[in-house]
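**Q** got a predicted model here, sequence first, then my questions.
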Amino acid sequence: MNCVNLLKNQLLKGTIILTAAGIVTRLIGFVYRIFLAGALGETGLGIYQLVFPVYSICFTLYAAGIQTAVSQMVSHETERNHPGIVKSGICLSLIVALSLSALLFRFADWTAASFLGTAGTASLLRILAFIFPFCGITSVINGYFYGISDARIPAVSQIIEQLFRVFFVMGVSFLVLSGNLSPDIAVMGLIAGELASNVYNICRLLPRMSPKQIWKSRFSLRKLLTLSLPLSGNKLVISLLSSVESVLIPAMLVRYGHSEGEALAIFGILTGVVLPFILFPGTLTNSLSVLLLPAISRAAGKEQHYAVRHTTNAALRYSILLGVFTSSLFLNFGLPLGVLVFHSENAGKLLTALSVLCPFLYVSTTLTSVINGLGKTGVTFLHTVSGLCLRLLFLVLVTPERGIYGYLLGMILSQILICILNGVYLVKKHGVQFHLMNQFVWPMVFSAGIFYLAKIAGLWLQNRSGSPLSLIAPALPASLLVFLYFFCFRLVSLNDFQLSLPGQKNKEFFLRKNRNI
């Protein structure tokens, strides 16, 4: 099997596994978020969501860069060095995580009042501090399994974490609190889920390497630090900017004229309901991106430039098509979906407004992972920071005048900027092919038109039947027509999923295919 087939084999299998797990966890998450929105209320949901900027910053320090470094090192080193890499990763992660846990617990009141601007989040932060060591170990072990191209363990770990979180919070709510809920219990659910996934990951790691092997193994922390520090530094800057952005959203909405409760409610609906809905279809591109980094890194290290280019072209094409489909769907059916699923007209309006974000969000996720896999993390860092700075400018300058829609405009424009910067870099430096009209413009025109006709048909059915379900019923046949268009114009082909074509024939086929699209 040639390099392209091997790379595609690993990516396809891993992507299917991670996508399936992502769909399961996000479906569970949807049910959970509907429950949280009802049990906590929109304001309570906003308070709960406010702890995640702090969580994000700390996770970046004790896990994000270390996990990526472990993944890359495992993919390059021989198997006998794997225990030492895992040992170094766990030790480094625990040192940082325990230090952050102690600091956050000690300064929770100051962080809540001075950074988050809401003193009521202090108790949530103290609870959150206990999660860091367990989350760090889980991340390192996941990094190891990603590095050996075994996506099953991280996939199952996701599902276990989600299930235990949901069962814990719902169980406490119904069995102990008689259906009531506080944000504190919701944060405790994070710990319950992380503990369960941590135990599972350790149990799956031990058959591959015994505690004795890990303990006696030798691997210098210097190489891990050399690789993880730039990654962590870059991600920390991005995480800090994102966290500042999240904290500023309620404050800027208050300046626009909302009360503090109304601002927290809008923030809770946006970050706790609408954005997860937008990100749900991105399960496919997220899974692909996680696996693209080590796969592209291996291929680039072996100078298999055709494998890198072909894999990137295919991943990019499917990311674009997924974005086209979801954007058209949310643009026409965002309002009824928000009302039907979350019983919130505000959620529906925000979902419709953010529909334009989908293609650029999914594509930039894929492109970022490819560029990182090529070892150019500094490039993606600069591009991402540029987009975040643009978003912050809109948040500070436009949101106080235009409200939440001023912020949403900045979010869309910043994602477009990141997407363009990443795309131009790959086209110029690595010959990645992108056909704007055939892969984006015409599919978008057709898809949006079909869903618009489906929307008109849904309104007619609703007027005759009175059922809200009849309003979105035509979306299913419209979706089938869109996918038929993709197949008819060879944007989607079964050949993309064949895992074992003859080497030279396979290469010539895809060269012809890319020229014709």
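**A** Okay, I see it. Values in this document were obtained by computation on a predicted structure and should not be read as measured data.
**Q** CA only for contacts and neighbour counts going forward, please
**A** Noted.
**Q** for the stretch 101-250 of the chain, what are the low-confidence residue spans?
**A** Along the stretch 101-250 of the chain, the parts satisfying pLDDT under 70 run over 220.
**Q** cool, and the chain?
**A** In the chain (pLDDT under 70), the answer is 1-19, 22, 220, 283-308, 494-517.
**Q** count the residues that sit near residue 385.
**A** Residues near residue 385, counting by other CA atoms under 10 Å, number 20.
**Q** quick check: it vs residue 245, distance?
**A** 12 Å (CA to CA, to the nearest Å).
**Q** same check on residue 383?
**A** 17 Å.
**Q** kindly report the same for residue 108.
**A** Taking CA to CA, one finds residue 108 at 20 Å from residue 245.
**Q** looking only at neighbour counts, state which of those two leads.
**A** The neighbour comparison of residue 108 against residue 245 (other CA under 10 Å) goes to residue 108, with 22 against 19.
**Q** need the nearest residue in space to that one, chain neighbours excluded.
**A** In space, and not counting its chain neighbours, residue 108 is closest to residue 122: 5.1 Å by CA to CA, 6 or more residues apart in numbering.
**Q** what's the strand or helix carrying that neighbour packed up against?
**A** In this structure, residue 122 sits in helix 122-128 according to DSSP states H and E. With contacts taken as 3 or more CA pairs under 8 Å, 6 or more residues apart in numbering; DSSP states H and E, helix 122-128 sits against helix 82-106, helix 108-110, helix 183-205.
**Q** measure how buried residue 114 is and give me the count.
**A** Other residues close to residue 114 by other CA under 10 Å number 11.
**Q** list phi and psi for it.
**A** Dihedral pair for residue 114: phi -90, psi -40, per degrees, to the nearest 10.
**Q** ditto for the one 4 residues further on
**A** Torsion angles at residue 118 (phi, psi; degrees, to the nearest 10) stand at phi -140, psi 100.
**Q** OK, contacts around the residue nearest to it when sequence neighbours are not counted?
**A** Nearest residue to residue 118, sequence neighbours excluded (CA to CA, 6+ apart): residue 112, at 5.6 Å. The contact partners of residue 112, by CA atoms under 8 Å, 6 or more residues apart in numbering, come to 118, 119, 120, 121, 122, 125.
**Q** residue 379 too?
**A** residue 371.
**Q** mind redoing it with 10 Å?
**A** The contact partners of residue 379, taken as CA atoms under 10 Å, 6 or more residues apart in numbering, are 368, 371, 372, 421, 422, 425.
**Q** how far away is it from residue 200?
**A** 36 Å.
**Q** now name the helix or strand holding the closest residue to residue 94 other than its chain neighbours.
**A** Nearest residue to residue 94, sequence neighbours excluded (CA to CA, 6+ apart): residue 133, at 5.6 Å. For residue 133, the enclosing helix or strand under DSSP H and E is helix 132-147.
**Q** just the CA trace of that helix, in PDB.
**A** C-alpha atoms of helix 132-147 as PDB (Å, rounded to 0.1, in the frame of the first residue of the first chain):
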ATOM      1  CA  PHE A 132      -6.900  20.000  36.900                       C
ATOM      2  CA  PRO A 133      -4.600  17.000  37.900                       C
ATOM      3  CA  PHE A 134      -7.000  14.400  36.600                       C
ATOM      4  CA  CYS A 135      -7.600  16.300  33.400                       C
ATOM      5  CA  GLY A 136      -3.900  16.700  32.900                       C
ATOM      6  CA  ILE A 137      -3.200  12.900  33.200                       C
ATOM      7  CA  THR A 138      -6.100  12.100  30.800                       C
ATOM      8  CA  SER A 139      -4.800  14.600  28.200                       C
ATOM      9  CA  VAL A 140      -1.300  13.100  28.200                       C
ATOM     10  CA  ILE A 141      -2.700   9.600  27.800                       C
ATOM     11  CA  ASN A 142      -4.900  10.800  25.000                       C
ATOM     12  CA  GLY A 143      -1.900  12.400  23.400                       C
ATOM     13  CA  TYR A 144      -0.100   9.000  23.500                       C
ATOM     14  CA  PHE A 145      -3.000   7.200  21.800                       C
ATOM     15  CA  TYR A 146      -3.300   9.900  19.100                       C
ATOM     16  CA  GLY A 147       0.400   9.600  18.500                       C
END
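**Q** distance between that helix and the chain's centre?
**A** 17 Å (CA atoms, centre = their mean, to the nearest Å).
**Q** quick one: residue 225 and residue 66 touch, right?
**A** Yes. Residue 225 lies in contact with residue 66 (CA atoms under 10 Å); the separation is 8.1 Å.
**Q** and the two? Which one has more around it.
**A** More neighbours surround residue 66 than the other of residue 225 and residue 66, with 28 against 18 (other CA under 10 Å).
**Q** for the closest residue to the more buried one other than its chain neighbours, give me its contacts.
**A** The shortest distance from residue 66 to any non-neighbouring residue, by CA to CA, 6+ apart, is to residue 228 (5.2 Å). Counting by CA under 10 Å, 6+ apart, residue 228 makes contact with 61, 63, 64, 65, 66, 67, 68, 69, 70, 89, 222, 234.
**Q** which one, of the helices and strands packed on helix 122-128, ends up nearest to residue 31?
**A** Closest to residue 31 of the helices and strands packed on helix 122-128 is helix 183-205 (CA to CA; 14.2 Å).
**Q** so what touches the following helix or strand past that closest one?
**A** Sequence-wise, the next helix or strand downstream of helix 183-205 (DSSP H and E) is helix 211-216. Helix 211-216 is contacted from outside by 80, 81, 82, 83, 84, 85, 86, 87, 88, 205, 206, 217, using CA under 10 Å, 6+ apart.
**Q** re the thing from before, which strands or helices does the helix holding residue 133 pack on?
**A** helix 52-59, helix 65-76, helix 82-106, helix 152-171, helix 183-205, helix 283-301 (3 or more CA pairs under 10 Å, 6 or more residues apart in numbering; DSSP states H and E).
**Q** highest mean neighbour count out of the ones you listed?
**A** The highest mean neighbour count among the helices and strands packed on helix 132-147, using mean count of other CA atoms under 10 Å, belongs to helix 65-76: a mean of 25.
**Q** how big is the angle separating it from helix 52-59?
**A** 50 degrees (axes from the mean of the first three to the mean of the last three CA atoms, to 10 degrees).
**Q** which secondary structure elements does helix 65-76 contact?
**A** Using 3+ CA pairs under 10 Å, 6+ apart, helix 65-76 sits against helix 82-106, helix 132-147, helix 221-256, helix 283-301.
**Q** okay, the angle between the shortest one and helix 152-171?
**A** Looking back up the chat, that one is helix 132-147. Using the same axes, to 10 degrees, helix 132-147 lies at 150 degrees relative to helix 152-171.
**Q** relative to helix 82-106, how tilted is helix 132-147?
**A** Going by the same axes, to 10 degrees, helix 132-147 makes 150 degrees with helix 82-106.
**Q** could you check the angle helix 132-147 makes with helix 183-205?
**A** Going by the same axes, to 10 degrees, helix 132-147 makes 40 degrees with helix 183-205.
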